[in-house]
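>>> got a predicted model here, sequence first, then my questions.
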Amino acid sequence: QVQLVESGGGLVQAGGSLRLSCAASGRTFSNSAMGWFRQAPGKEREFVAAINWSGGNTYYADSVKGQFTISRDNAKNTVYLQMNSLKPEDTAVYYCAAARRWGPSIGSPYEYDYWGQGTQVTVSS
């Protein structure tokens, strides 16, 4: 079992920044690839970013490339999502998730077997 708890969401004006955190406990965090997804009202959950167990490999959705940065601190069992230059279309509930392996399908939600409860990010125009 892995427990994931997101934090850091909130209300921010367009152009602002937020850093989301996801604290993990349970299964060895440092062995897990981690990802961030988001879901806006009325839309399907979409992939945002992923990072492998060591932090040496990252992968981003085209929509956030250059804008968001994923990182992790295995000593703190925490993964982060730094979000800059936020736009109203970034408004969504953001979820972190843990995957058993890093691979070519890491952008698919089916690769993840544990999910957090989500944190709301609202960007006002």
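Alright, I've got the coordinates. Just so it is clear, the model here is predicted, and its values are computed rather than measured. Numbering: from 1, shown residues only.
>>> any low-confidence regions in the protein?
Scanning the chain for pLDDT under 70 picks out 27.
>>> can you tell me how far the residue nearest the centre of it is from Ile51?
Centroid-nearest residue in the chain, with C-alpha atoms, centre = their mean: Trp36, separated by 2.1 Å. Noted for Trp36: a distance of 9 Å to Ile51, by C-beta to C-beta, to the nearest Å. Quick note: C-beta positions are derived from backbone N, CA and C, even for glycine.
>>> what touches both of these two?
Residues touching both Trp36 and Ile51 (C-beta atoms under 8 Å, 6 or more residues apart in numbering) are Ile70, Val79.
>>> ok, Thr69 - contacts?
Thr69 neighbours (C-beta under 8 Å, 6+ apart): Ala49, Leu81, Gln82, Asn84.
>>> need the nearest residue in space to the residue of the chain positioned farthest from its centre, chain neighbours excluded.
The C-alpha centroid of the chain is most remote from Ser125, which lies 22.8 Å away (C-alpha atoms, centre = their mean). Leaving aside its sequence neighbours, Ser125 sits nearest to Pro88 (C-beta to C-beta, 6 or more residues apart in numbering; 4.8 Å).
>>> which residues are in contact with that neighbour?
Ala14, Val123, Ser124, Ser125.
>>> and the residue nearest to the centre of the chain, what are its bridge partners?
Ala49, Cys96 (DSSP bridges).
>>> so what's it up against?
Counted by C-beta under 8 Å, 6+ apart, Trp36 has contacts 20, 22, 48-50, 68, 70, 79, 81, 94-97.
>>> tell me the one among the residues you listed nearest to Ser30.
Val79 (11.0 Å; C-beta to C-beta).
>>> which element is the closest one on?
For Val79, the host element (DSSP states H and E) is strand 78-83.
>>> residues touching the residue nearest to Thr58 when sequence neighbours are not counted, list them.
By the measure of C-beta to C-beta, 6+ apart, the closest residue to Thr58 outside its immediate chain neighbours is Ile51, 5.0 Å from it. Ile51 sits next to Ala33, Met34, Gly35, Asn57, Thr58, Tyr59, Ile70, Ser71, Arg72, Val79 when contact means C-beta under 8 Å, 6+ apart.
>>> with that, I have no additional questions.
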